[in-house]
Structure formats: C-alpha cells, structure tokens
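Colleague: Structure for this input, please:
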Amino acid sequence: MTRLTLAGPGAGKTQDLTDQINTSLKSGMNPYSILALTFSRRAAGVITERTKGQVEGHTFHSFANWVIRLGCSIKGKDAPEIIADKEQDEMIKRAIESVDIDFLELEEVKHALQRIRVLNVPREAVRPHVIEAVDRYMALLDSENKVDFTRILERGVQELQNPRIREQIVSLYKKVAVDEGQDCNPFLEFPLIEPFLDVMDLYSSPSQQIYSFRGANWERLSNLLPQDMSVRTLSNNYRSTPEIVGSSKHLAGPDATGMVSTRDSMGIPVNIYKSPRDSINLTVHTLTAIIKEWEQKGIGPENIAILTRSSNNAKIRRGLTHYGVPLALGSFFASEIVSGALSHLWLALYPTDLQALDSAMSFPGPSLGMMTRSMIGSERVSWDELAWLISDEQFASMEQMKAMAMFQRHAHNQHVLRKYGRDGKLGEVVSQILAPLRDTLLREGWFKAANEIEQIVSLSGEFDTLSKFADYFREEVENVKYTEEGVTVMTIHKSKGTEFQGVIIPGWIEGRIPVDSDDPQTEKNLAYVGLTRAKDRLALTVPGSPPSPFLRGMRETSVIQV
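Modeller: Okay, here's the model as predicted:
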C-alpha cells in the first residue's frame, strides 16, 4: 500500500524518511532492496549520510539512467550517450537546417521541446514547422543513440514498459522512499515510480511546490495515486520560532496550515522595513543596517541569508561589498566536480600515490559505497584491495564494476600520456584523461560535469607540462578563494531545502513578490518557501508601493519606516 506523508517546512520529513529506512535496516531488510529517490544531488547526499551509507540516495535522473543501462544490458544493446547543453544545441540546429523553411530559430524550437515534453502541451498548440524540427531532433537522438536531460526520463519510462525489464526491476526493491513528492512531474517522473506504488513511502509538501515550470503539478499527481493509500500529516515545526511560523501561515496550503512551532518564543516579531521608493541603493543600505544590527545581537554573517525573487543579485552583492559586508563567495575551484577532476589528473601522474587513488575512489562518480569501504576495512583504498574486491563474491557487482573501471582508467591514462605527452598537446592530454570521468558523471546525472571539465581543459592551455598544471590546479583547490563567514545571497528558488538563523527577503511589492506573469499559486508557494527558511529572525523590505498582497494577513509583525 502507498503511504503518503504530508509535511510542511521544518517538520523534518527527510529525517522521518531516513528514520523509516534505518528502522527497516535494523529489522534485517537488505539495504540493496531499498530505493530512495529525490530531486537533487544535495538531497540525495543527505539521505546517504543519514543512513550511514547503507542506502544511497538517488535523483530521478540517475535512477532513470540506471534503468536505461539495465534495459540495454538485458536486450544486448549499447547504452545511449548522454549529451550536454552545447551538443544539444548543435543537434537542434541540425534538425532546423533539415526543415525547408526560413527564419526558424533555435530558441523557438527549444521552447517548443520544453512545452511538449515537460509541460505536456498539445502538439496542436505549436506551429507545424516547429513541430517538424522537434520531431527531426528527436529522431536524431534516437538514430545516434543519444539522450539529452529530458530524454533520460523518457527513455527510462520506455524501458519500464517492457514487461521483462519491469518485472526484473520491481523484484529488486521491497521498499521505495520518495522525498519532495510535490515536485514530481506527473508525465515524466511519476511513471518511473508507478511500478512501486505497493511498497512506496511518498513524502510531500504541496505548500512548497515551486517548480511548475518543470511540470510539477501536485493536484494532477494526487489523482494518479491510489484511492486507498494511507495518509498522515507531520504538524510540528522544529525549525522556526512561533512568530515566524505564525507570520507565514496565511500563505500555507492545507498540508501546513496546522503547523505548530515546537520552539519557545524569542519575543522577536517579523520586521517589515518600508521605504518611500524603489531604489537599489536604498535597499542595499537597509540590508546592510539589518545585518549590522543582527551581528550586534550575536548572529554572524555566516548565519544570514538574503533571498531574492528577481535576478538582481549582482547589484546587491556589489552594494553589500561596498559597505564592507562579507559575502559567502565561491569560486570555480570550490566545485566538487573540479576537485574530483584534480584527483584523477594527479593519479594519472602518480599512479602509485595511494592518497591520490583514494581521493579518486572517494569522488562520487566512481566512488565505492560506504558499506564496501567498511568491509574492506581500510582508511585508504589500495590497488591490491581493488583487485581483491573484484574477485570476492561478497561485494555487490556494481562495486566490483567501479573497481574494475579504475584499472581501466589507469591503462587509459598511461596510453594518453604515451601518445600525447611528448608532443606538447597538454589540452588534448587533459581532455583525454578526464573523458572517462566526464562520461561517468554524465551517466550519473551530473550535467554540470561537461562544462566544468571543458573549463579545466581550457585552463591547461596556459601550461607546457601536466605536472606544472596539476601543481597549479592543486594549489588553487587547496586555497580556494571564498569566505565561510559571509552572508549568503541567493534566489528563493535555490534556497529550498536550506535554513538560516536570520533571513532577509527584499522586494515585497506588487510585480516582484509576486511576479505578475507567473502562476499565482506557485508565486504564493515561493513566498512561503522564502519565509520558512528562517529559524530565529526574519526581515522583509517593502521598497515603495503598492505593497505585496502577500503581506495581507501576516501576523506577528513590526513595521519600520526607513
């Protein structure tokens, strides 16, 4: 039976999900018979961490890609190649060129692909010549055995329609846990979990559905769920003060209107700062004053976030820097993909360096599972242990494949160094060494990998040897240019799943919060998500008029004129 858990923000639904998994593990359930799905690699990592690595969290895309590869293996066919955005654009251009019409633009065809494939818009609503280009692009993908980001989901669903493949996959799992169910696309993602309804725990917060532009539709999804499913609601809010919970409740949906803060009141209302005009300079001055005041109250910049609805973050960042506010700024070298690529370049140079080998194996792309590392019983993986792992039947075949892949990459690296290393073609050397890593990451849904590895290859062009480049690269990664003690500035969309001691949200005027052109319910949900990121203090700015309609009905507030 499907078990649905409704839980608003701060109710601990991810903790409850992992607690349920851990309880099943303690009762003797095989960890490999549990599937945990969510929508981001960060959230998947939280699931893996909270189950102590016994159950690995997966994104929908990584699961769909695994289904595709398993299906291809069963049918004796080659798995498709995953393409990044740049190659996708090139294929769409080829499709456009094959259509006999002038003035057919890339962006129009890309927009049509999004509407038809993600939003399920009827083909009749799109111009015939655009439809022809769309169809030719899809035909190109299939004829060349390639998949783009959306095609991974589509192909995964297709594979599950094969009775043989469906039966084999369904038989693997005794428990399926799905987090963030409100973000599930009924047409693309629900068919991937539909076979598991009898053993599924679905966690959802409809009040936080903010991805309608990706096809998320909780109302439509609810109609696809079994009528006899069990439903429970988590109503305790463990994150925010009673004042913050009370001030945001008027924007909550049915899943969160009954939420009650479990925390004691701090006696701090939600402060609303009103100014006579909409000025970025005045807004930045107000933000700076709030941050300085909170610092005096004991809230450091690292515990403060500024959440915006629009894309003027660059202006806000520059203004805050002008006033001496430290910002949590990352750099290219802070990326997990970039640091993982460094470990592979270092291993190519120094294959007997066990620290380099362990770093490469620890990187999420080719990494061994935490259970396997524990069974090996070593703090640092060695080549001998990888060889032993491959031949020992107690380890899962997937782990053995990862170990084998490291030996194959070692052989590949040595071939590349012999072929290109003496010709001064460092860019080609770096590109070839990182190619297997890039392909692995793309197969596992890391779609930033292609662009970031291309940037690494470009950087290498400034050096004449791989050792010099690797030394420079390592120094940059180890001395990455960012501060851990700065204010976080991000959009409300990106803030989902985070929490901060203090949150400031500027721009509570009509046309900005909410944005007039967007879906009203999604805008309401987005405002609610922003408000509920705050733990102790929440401040809003109203730059001019008319004020946002979302302020009506807000309780526990104090208005301050600036």
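
Colleague: tell me the helices in the stretch 1-150 of the chain, going along the chain?
Modeller: Listed in chain order, the helices of the stretch 1-150 of the chain (DSSP state H, counting those that start in this stretch) span residues 13-26, 41-50, 60-75, 85-97, 106-117, 128-143, 149-160.

Colleague: ok and the last one relative to helix 128-143, angle-wise?
Modeller: Translated: helix 149-160. Orientation check (axes from the mean of the first three to the mean of the last three CA atoms, to 10 degrees): helix 149-160 against helix 128-143 gives 60 degrees.

Colleague: The third one too?
Modeller: Calculated by the same axes, to 10 degrees, helix 60-75 forms an angle of 60 degrees with helix 128-143.

Colleague: Buried ones in helix 60-75, by neighbour count?
Modeller: 60-72 (16 or more other CB atoms under 10 Å). C-beta: built from backbone N, CA, C; applies to glycine.

Colleague: Please enumerate residues in contact with that helix?
Modeller: Helix 60-75 is contacted by residues 35, 37-39, 44, 58, 78-80, 82, 147, 149, 152-153, 155-157, 159-160, 162, 164-165, 168-169, 189, 192, 443-445 when judged by CB atoms under 8 Å, 6 or more residues apart in numbering.

Colleague: for the record, mean pLDDT for that helix?
Modeller: For helix 60-75, mean pLDDT rounds to 92.

Colleague: ditto for the second one
Modeller: Mean pLDDT, taken over the full extent of helix 41-50, equals 88.

Colleague: Give the buried residues for it.
Modeller: Neighbour-count burial for helix 41-50 [16+ other CB under 10 Å]: 41, 43-44, 46-48, 50.

Colleague: what are the phi and psi values for the residue nearest to the spatial centre of the chain?
Modeller: Closest residue to the average C-alpha location of the chain: residue 40 at 2.9 Å, with CA atoms, centre = their mean. Torsion angles at residue 40 (phi, psi; degrees, to the nearest 10) stand at phi -140, psi 150.

Colleague: Residue 59 is in contact with that one, correct?
Modeller: Yes - with contact defined as CB atoms under 8 Å, residue 40 counts as touching residue 59 (6.6 Å).

Colleague: all helices in the stretch 201-350 of the chain, in order from the N-terminus.
Modeller: Counting by DSSP H, counting those that start in this stretch, the helices of the stretch 201-350 of the chain are 218-224, 242-248, 280-296, 313-322, 336-349.

Colleague: if you compare those, which one is most tucked away?
Modeller: helix 242-248 (a mean of 24; mean count of other CB atoms under 10 Å).

Colleague: Now that helix: average pLDDT?
Modeller: pLDDT averaged over helix 242-248 gives 94.

Colleague: So what touches that helix?
Modeller: 10, 237, 240, 259-261, 263, 265-270, 528, 531-532, 534-535, 538, 554-557.

Colleague: Determine how far the last residue of stretch 490-503 lies from the first.
Modeller: 11 Å (CA to CA, to the nearest Å).

Colleague: Would you pull up how far it lies from the middle of the chain?
Modeller: 14 Å (CA atoms, centre = their mean, to the nearest Å).

Colleague: now swap in stretch 70-80 and tell me
Modeller: For stretch 70-80, the distance to the chain centre is 27 Å (CA atoms, centre = their mean).

Colleague: Between the two ends of that stretch, how far is it?
Modeller: Note: stretch 70-80 ends 12 Å apart using CA to CA.

Colleague: what's the lowest-mean-pLDDT helix or strand in the chain packed up against?
Modeller: Taking mean pLDDT, DSSP states H and E as the measure, helix 370-376 is the helix or strand of the chain with the lowest mean score, a mean of 77. On a contact count with 3 or more CB pairs under 8 Å, 6 or more residues apart in numbering; DSSP states H and E, helix 370-376 meets helix 383-391.

Colleague: do that again at 10 Å, thanks
Modeller: If contacts are counted by 3 or more CB pairs under 10 Å, 6 or more residues apart in numbering; DSSP states H and E, helix 370-376 sits against helix 354-362, helix 383-391, helix 397-420.

Colleague: how big is the angle separating the first one from helix 336-349?
Modeller: Note on geometry: by the same axes, to 10 degrees, helix 354-362 and helix 336-349 are set 140 degrees apart in direction.

Colleague: distance of the closest residue to residue 148 other than its chain neighbours from residue 110?
Modeller: Setting aside the residues directly before and after it, residue 148 is nearest to residue 88 in space (CB to CB, 6 or more residues apart in numbering), at 4.9 Å. Distance check for residue 88 against residue 110: by CB to CB, to the nearest Å, it reads 8 Å.

Colleague: Same check on residue 400?
Modeller: Taken as CB to CB, the span from residue 400 to residue 110 is 40 Å.

Colleague: And residue 67, by the same measure?
Modeller: 26 Å.

Colleague: And residue 339, by the same measure?
Modeller: Taking CB to CB, one finds residue 339 at 32 Å from residue 110.

Colleague: Can you report phi and psi for residue 537?
Modeller: According to degrees, to the nearest 10, residue 537 has phi -130, psi 140.

Colleague: how about residue 113, what does it touch?
Modeller: Contact analysis of residue 113 by CB atoms under 10 Å, 6 or more residues apart in numbering lists 88, 92, 95, 126, 130, 133-134, 137-138, 148, 150-151.

Colleague: let me redo that: residue 129
Modeller: Neighbours of residue 129 in contact, by CB under 10 Å, 6+ apart: 96, 99-104, 108-109.

Colleague: got it, and residue 38?
Modeller: Counting by CB under 10 Å, 6+ apart, residue 38 has contacts 14, 17, 44-47, 57-60, 177-181, 183, 203, 497.

Colleague: okay, now the closest residue to it other than its chain neighbours: neighbour count?
Modeller: Nearest non-adjacent residue to residue 38, counting by CB to CB, 6+ apart: residue 179, 4.2 Å away. Residue 179 has 27 neighbouring residues, counting by other CB atoms under 10 Å.

Colleague: Would you quantify the distance from residue 179 to residue 53?
Modeller: For residue 179, the distance to residue 53 - CB to CB - is 17 Å.

Colleague: ok, and the most crowded of the contacts of residue 113?
Modeller: residue 133 (27 neighbours).

Colleague: who touches that one in this structure?
Modeller: 92-99, 101, 104-106, 108-109, 112-113, 126-127.

Colleague: can you check residue 340 too?
Modeller: Counted by CB under 10 Å, 6+ apart, residue 340 has contacts 359-360, 362-367, 434, 437, 441, 446, 449, 452-453, 477.

Colleague: So which of these are in strands?
Modeller: Assigned to strands by DSSP state E, none of the contacts of residue 340 qualify.
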